[in-house]
Structures are given as structure tokens and as C-alpha cells.
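Return atomic coordinates for the entry below.
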Amino acid sequence: MNTVTHQETQAMHAVATAAVAAHELLLIPLPQLRPSSRNVRTSSGASIPELASSIARVGLLQNLTVTATSDGEHYEVVAGKRRLAALKLLAKRRKLDKTHDVPCLLVPDASARTVSLTDGARHAPIARTIRGPEPRLGAYPYGGMA
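I've put the predicted structure just below:
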């Protein structure tokens, strides 16, 4: 089980905040973005259509974080792999232009893993809140629990 203490979260946040302050926000065409193998968060991809629907309704609320590739033409997404997949799904469904400019924070290669860890730690508590409230005693017939 991956757990992060409050102190570790604060330290990662401080590092990421310092890193963000020194980097630039770019608008990068969707075809130039690809997932990075250094993205530490893993996902089955099952919720990508729901995320795509949300982005279609309200827009992309958080930029992707990228590093430049050695070819100089592409960028690897080190934080935001699910958002990237959702954007590509929207483009495939023709709800978004295939060359849509995506807001991305460009970070140095050396910061990629730290930024990815920070992004993953920041999202970790969300999974618990999506699940809903804890069952109450007597919430199910015969006093059973789900």
C-alpha cells in the first residue's frame, strides 16, 4: 500500500511549488503530447470516458505537466496521463479539435519524477471521497453491511 505522511506531502508540495515558480506554462497541440513512462500513478483507464465527459462540460481545470523529449517535437506528460487520455478521446469523438492547444507546465527532466509523485499524492485522497459516505448500522435490511 502506498501511503504518504503529512510531512512528506508538505515537503513534496514545497518542492513542486518551487519547481512550478521557475517553469513556464505553454499551450501545446494535442498531437505533440504523449504519456510518459515516468508517470508514477497507475490507472486501469476505466474512468476515462467519465473524465472526458467532465472536460467536455466544464473544460480542463488543471494543466498537464510535461517534459520536452530529445527529438524537440514532442512532450511527455509526467502528470496528467488520465487527462491526456480523456482529451484524446474527445478528439477521437470529434468533440475537440485534433490540434487543440492544451495548457501544459513545462518542467525540467530532473524534476519529472518529483512532480509526478506530488501530483499522485495530491490525488490519492480523492479516491476515498468518491466512494461516498461510510455505511451506517441498519442501513441495509437485517442490519447487514455492504
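
Where does pLDDT dip in this structure?
Scanning the chain for pLDDT under 70 picks out 1-4, 8-22, 40-46, 112-113, 116-146.

Kindly recompute the last result at 80.
In the predicted model, the chain carries pLDDT under 80 at residues 1-23, 38-46, 110-146.

Could you pull out the strands in it for me?
24-29, 33-35, 64-68, 75-79, 101-106 (DSSP state E).

can I get the ones you listed in CSV with mean neighbour count and distance to residue 88?
No exception for glycine: its C-beta is placed from N, CA and C like everyone else's. Converted to CSV, the strands of the chain look like this (neighbours: other CB atoms under 10 Å; distance: least, CB to CB, whole Å):
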stretch, mean neighbour count, distance to residue 88
strand 24-29, 13, 12
strand 33-35, 17, 8
strand 64-68, 22, 12
strand 75-79, 24, 11
strand 101-106, 17, 10
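
what would those look like in JSON lines with distance to residue 54?
Listed next are the strands of the chain as JSON lines, based on distance: least, CB to CB, whole Å:
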{"stretch": "strand 24-29", "distance to residue 54": "21"}
{"stretch": "strand 33-35", "distance to residue 54": "19"}
{"stretch": "strand 64-68", "distance to residue 54": "15"}
{"stretch": "strand 75-79", "distance to residue 54": "18"}
{"stretch": "strand 101-106", "distance to residue 54": "15"}
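
Residue 85 reaches residue 50, doesn't it?
No. Contact criterion CB atoms under 8 Å: residue 85 and residue 50 do not qualify, at 11.6 Å.

more neighbours, these two?
Per other CB atoms under 10 Å, whichever of residue 85 and residue 50 has more neighbours is residue 85, with 19 against 10.

what about that one, distance to residue 55?
Look at residue 85 and residue 55: by CB to CB, to the nearest Å, they are 11 Å apart.
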